[in-house]
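Q: give the three-dimensional model of this entry:
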Amino acid sequence: MSRKRTSVYVDPEDLALIKDAARRRGIPAAELIREGIHLAAMTNRVWDDALDWPTFEGAGQ
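A: I've put the predicted structure just below:
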């Protein structure tokens, strides 16, 4: 998957937390930021089709 470069402004306290967490996990801070962006994108995604939930017959007990 190709990536696009972008810039964001981050509060210094948040950036320090990100860098500390990345260091503890042994990954680059950029990877942690990409994970956060992906989670935000998926959390706010709007699905075009309704979910096809299974239905069950019975008394519901």
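Q: just the pLDDT for P12.
A: Per-residue confidence at P12 stands at 98 (pLDDT).
Q: please report phi then psi for the spatially most central residue of the chain.
A: Most central in the chain under CA atoms, centre = their mean is L39, positioned 1.0 Å from the mean C-alpha point. When read as degrees, to the nearest 10, the backbone of L39 gives phi -60, psi -40.
Q: what's the distance between it and I33?
A: When CB to CB, to the nearest Å is the yardstick, L39 and I33 sit 11 Å from each other. Quick note: C-beta positions are derived from backbone N, CA and C, even for glycine.
Q: do you know how far M42 is from A59?
A: Applying CB to CB, one obtains 36 Å for the distance of M42 from A59.
Q: state the number of residues packed around R34.
A: Using other CB atoms under 10 Å, R34 has 13 other residues around it.
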